[in-house]
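**Student:** Based on what follows, work out the 3D shape:
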Amino acid sequence: MNTKYSQETIENYLLHRLSKEEETAFEEAMNSDEQVQEEVELMRHIVVAFKRKGEQDALDAIKRSSLSDIRNLIEEAEKRHGIGEKENGKQVASPGKSKFIIGITSIAAAIAILIYIGFRPEYSENQLFNEYYSAEIYETTPLRGEPDAEQERMTSALNHAIGLIEKQQMKLAIEELKPLASSGEFDYQEDAQWYLALAYLENNQRDDSKEILSGIIAEKGEYLEKAQELLDKLNEKKWF
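**Tutor:** Numbering: from 1, shown residues only. Presented below is the predicted three-dimensional model:
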């Protein structure tokens with residue numbers, strides 16, 4: 001790679017900070033140098049990610065590059081320049097080429113930082129659980145019609161599941177809540193769904209919690225506002 005083009009120069013090119021003359025010279029060098037093209041393409045993903053601050057398409061591009069693509073690019077660069085080849089049983093490297101490999105690996109490191117640090121959730125599961133959870137006791141008297149033994153049984157099961165949550169026995173609570181949350185005949189079905197979402201959350205099952213919350217929102221019932229607010233917070237990301 002032409003070492004006069006630093007990563008800062010590449011970034012300035014992608015952000016259109018170069019003068020017209022500098023941009024023209026850079027593009028001429030890039031068009032004739034495959035190594036420059038490779039580093040520009042990788043740096044482009046990083047710049048897009050910073051500009052969009054976590055938009056899904058940029059994040060997906062970073063994730064793709066951070067796995068097989070970057071590994072392949074490094075391996076191809078090593079082959080072209082003889083880096084990693086053995087001579088008399090010892091590793092050898094071509095002189096003058098280490099800066100290119102360092103540049104590629106530093107980009108890979110930056111991508112890893114973006115994924116694993118730059119896009120952390122804003123709120124932890126436990127934080128949100130503590131914010132939204134409160135225990136209620138439900139009357140076994142049916143909300144509509146005559147006394148119903150099945151409604152009483154399901155309501156008692158709901159109260160028992162809430163008791164399990166209080167005892168931090170989330171796995172047992174989840175198993176008890178799942179059939180209640182899926183029963184269209186249960187008077188407190190939406191309440192069971194809400195507690196199931198919270199139990200999943202406290203059990204570090206973020207995706208399962210989000211799925212339940214999305215279902216609550218789709219039904220537009222009593223918990224619509226709280227479910228939407230909680231789902232928004234679950235999707236919120238921390239930028240470094």
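**Student:** which residues of the chain score low on pLDDT?
**Tutor:** Along the chain, segments meeting pLDDT under 70 span 1-5, 46-120, 141-147, 238-240.
**Student:** all helices for it, in order.
**Tutor:** For the chain, helices defined by DSSP state H occupy the ranges 7-14, 20-31, 34-52, 56-64, 70-81, 98-113, 125-132, 149-166, 170-181, 189-202, 206-219, 224-235.
**Student:** so which of those comes closest to residue 140?
**Tutor:** The closest of the helices of the chain to residue 140 is helix 149-166. By Cβ to Cβ, the value is 4.4 Å. The C-beta positions use only the backbone N, C-alpha and C, and glycine is treated the same way.
**Student:** my guess is residue 219 contacts residue 190, does it?
**Tutor:** Yes: between residue 219 and residue 190 a contact is recorded at 7.0 Å, counting by Cβ atoms under 8 Å.
**Student:** neighbour-wise, which of the two wins?
**Tutor:** Neighbour count, other Cβ atoms under 10 Å: between residue 219 and residue 190, residue 190 has more, with 18 against 13.
**Student:** What is the neighbour count of the closest residue to residue 189 other than its chain neighbours?
**Tutor:** Closest residue to residue 189 apart from its sequence neighbours, by Cβ to Cβ, 6 or more residues apart in numbering: residue 183 at 5.9 Å. By other Cβ under 10 Å, the residues close to residue 183 number 14.
**Student:** right, and residue 183 touches residue 155 too?
**Tutor:** No: counting by Cβ under 8 Å, residue 183 sits too far from residue 155 to count as a contact (11.4 Å).
**Student:** if we can go back for a sec, save the helices of the chain as JSON lines, and put in distance to residue 138 too.
**Tutor:** Conversion of those to JSON lines gives the following (distance: least, Cβ to Cβ, whole Å):
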{"stretch": "helix 7-14", "distance to residue 138": "58"}
{"stretch": "helix 20-31", "distance to residue 138": "67"}
{"stretch": "helix 34-52", "distance to residue 138": "45"}
{"stretch": "helix 56-64", "distance to residue 138": "39"}
{"stretch": "helix 70-81", "distance to residue 138": "54"}
{"stretch": "helix 98-113", "distance to residue 138": "47"}
{"stretch": "helix 125-132", "distance to residue 138": "18"}
{"stretch": "helix 149-166", "distance to residue 138": "5"}
{"stretch": "helix 170-181", "distance to residue 138": "11"}
{"stretch": "helix 189-202", "distance to residue 138": "7"}
{"stretch": "helix 206-219", "distance to residue 138": "17"}
{"stretch": "helix 224-235", "distance to residue 138": "17"}
